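# need a structure here:
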Amino acid sequence: MGCGSLLGDLFYLTDALIAGSFSGQAALYPSSSPAWTQGAGGDIRENLSARLYRMQGEGLISEEVFSALRALAERGQLRPADLAVHQARARRVVTESGDAAIGNALRGIRSRLNQLEQARTGFEKALADLETRLSELDERITVKDQAARQVLAQDEDTARLRLAEKVELVNSQERLATQAQALRADLVRLDDLRTQLEAKSAELESVQARSVAAQLF
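Now for the predicted structure:
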């Protein structure tokens, strides 16, 4: 039972979301002081323009908004509040986009967990059926062996027939035992996969909770 490309994509997506969940917020919340608080007079205008170009380069504003704000900057009318408004809007879009991606990933994981649970139920039933058949075959093999021993002294041909029937039953038993062993191995892999998915789900739920907290502080 392999992971499959869809499950691989799901793991890749959740890892990417967990690793970079707040990278967009880091860009929107620079550790240094805002550009418009550095310097005075002409420096403020230059820093506002630099911030504007940086926001455009980071994809935080559209070309249309950039052109409008640049026109204000060229006339000396660009204010810190103008950038703050668009920065807040970009932050909201990034947050909403991240929340949607996390929600989609969580739904994908839960759907996969449901599929695994259904598969496990089917595996367990198939394994129980095999073990029942193996027990029945074991009883039949014992009966054939005893029958062959009982008639061996009086009728060798009948004894050989019983032993041939025993061999056929043993062959069937071996094939079923191989299938049962494969099912047990599949169940172990299924449980390992379920554990991994549950861990991914817990990580994403933590990221989701931190995202909500980030909007409150």
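
# Show me the helices in the chain, by range?
Ranges of helices within the chain are 4-19, 23-28, 42-57, 63-74, 80-151, 156-216, based on DSSP state H.

# In a markdown table: those, plus mean neighbour count.
Bear in mind the C-beta positions are built from the backbone N, C-alpha and C, glycine included. What follows is the helices of the chain, written out as a markdown table (neighbours: other Cβ atoms under 10 Å):
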| stretch | mean neighbour count |
| --- | --- |
| helix 4-19 | 14 |
| helix 23-28 | 15 |
| helix 42-57 | 16 |
| helix 63-74 | 14 |
| helix 80-151 | 15 |
| helix 156-216 | 14 |
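
# For E117, see how far away L197 is.
According to Cβ to Cβ, to the nearest Å, L197 stands 11 Å off from E117.

# follow-up on the earlier one: for the helices of the chain, which has the smallest mean pLDDT value?
For the helices of the chain, mean pLDDT drops lowest on helix 23-28, to a mean of 42.

# what sits against the nearest residue to R184 once chain neighbours are set aside?
The shortest distance from R184 to any residue other than its chain neighbours is 6.8 Å, reached at L127 (Cβ to Cβ, 6 or more residues apart in numbering). Each residue near L127 by Cβ atoms under 8 Å, 6 or more residues apart in numbering is listed here: 180, 183-184, 187.

# okay if I get the residues you listed as a markdown table plus distance to R54?
A markdown table is the format used below for the contacts of L127 (distance: Cβ to Cβ, whole Å):
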| residue | distance to R54 |
| --- | --- |
| A180 | 64 |
| L183 | 59 |
| R184 | 59 |
| L187 | 54 |
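
# What is the nearest of these to R107?
Closest approach to R107 among the contacts of L127 (Cβ to Cβ): L187, at 25.6 Å.
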